[in-house]
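In: Starting from these lines, generate the structure:
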Amino acid sequence: MRREYHKWCSLNLHREMELLVFGHAGARVLVFPTRVGRFFDFENWGLVNSLRDTINAGNLQLICIDSVDAESLYCNWAHPRGRIERHQQFENYVMQEVLPFSESINPERFLIAHGCSFGAYHAANFAFRHPKHFHKVVALSGRYDITQQVEGFRNLLDDYYDQDVYFHNPSHYVPNLTDESHLRPLREMEITFAIGEHDPFIANNHFMSAILWAKGAWNSLNVWPGRAHRARYWRQMLPIYL
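Out: Residues are numbered from 1 along each chain as shown. I've put the predicted structure just below:
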């Protein structure tokens, strides 16, 4: 399997950002790490290996990016306004730097957003905000309301709310989408959710699935037995859904 390491100083984030590429051809898969995770976690947890045959066959190419969660939505010491601004800078980095980079090494147009846990939030949020760029999203064990407090998972904005928080909260902005130029590619997207029946955000997953159906967006919600918020479950899910 081809494995490449890349690093450059991001003009949007004003810091060096690293990523790993696995595979030589096929649909491009933008892989977001879990909460405050790193670009190498996907490989270290055996998730890349679970897709080895598909990658070696030239059907998928993974672009495993780094996160800045510790500087944005999980930067607890910062004012919530600063957290969402840093999160927006991360989005600019992905859209203006990572996607053009991936296109430069692989001309395949089909683009998939994928993530596990908080990476699933990123994957869904990027895909739903930019449906003209993404053709498929696979979101495993995710939350889609960053203002919701469930069990030990807190409101990431500490009750702060403004327009930017709204537009980065899929459970809030998707129900209000009316622009057909946005809804049309969203309805053409292949959307897959998977979560354990006892996972804390199971209700939010059902809600997200329902509001997408209400918008005419086909999606699949797959409920696994027990609490499936674990890498060993994701290793089983990936060959099925990705």
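
In: Quick check: the residue nearest in space to the middle of the chain vs L140, distance?
Out: With the centre of the chain defined as its mean C-alpha position, the nearest residue by CA atoms, centre = their mean is A123, 1.7 Å away. Between A123 and L140 the distance is 9 Å, computed by CB to CB, to the nearest Å. Where you see a C-beta, it was placed from the backbone N, CA and C, and this is true even at glycine.

In: before we move on, what about N219?
Out: Relative to L140, N219 is positioned 14 Å away (criterion: CB to CB).

In: For those two, work out which one has more neighbours and name it.
Out: L140 (28 against 19; other CB atoms under 10 Å).

In: so the more buried one touches Q236, yeah?
Out: No - the pair formed by L140 and Q236 falls short of the contact definition of CB atoms under 8 Å, at 10.3 Å.

In: re earlier: give the contact list for the residue nearest to the centre of the chain.
Out: When the contact criterion is CB atoms under 8 Å, 6 or more residues apart in numbering, the partners of A123 are 30, 32, 113-115, 137-139, 142.

In: residue boundaries of the helices in this structure?
Out: For the chain, applying DSSP state H gives helices covering 41-44, 52-56, 80-93, 99-105, 118-129, 163-166, 170-173, 180-188, 202-214, 231-241.

In: Deepest in the core, which of the ones you listed is it.
Out: Using mean count of other CB atoms under 10 Å, the stretch among the helices of the chain with the greatest mean number of neighbours is helix 118-129 (a mean of 26).

In: give the contact list for L111.
Out: Taking CB under 8 Å, 6+ apart as the criterion, L111 is in contact with 27-30, 99, 102, 133-136.

In: Among these, name the buried ones.
Out: Neighbour counting with 16 or more other CB atoms under 10 Å marks 27-30, 99, 102, 133-136 as buried within the contacts of L111.

In: Let me have those in a markdown table, extended by distance to R232 and pLDDT.
Out: Rendered in a markdown table, the data for those read as follows (distance: CB to CB, whole Å; pLDDT from 0 to 100):
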| residue | distance to R232 | pLDDT |
| --- | --- | --- |
| A27 | 25 | 98 |
| R28 | 26 | 98 |
| V29 | 20 | 98 |
| L30 | 23 | 98 |
| L99 | 31 | 98 |
| S102 | 29 | 98 |
| H133 | 31 | 98 |
| F134 | 27 | 98 |
| H135 | 28 | 98 |
| K136 | 24 | 98 |
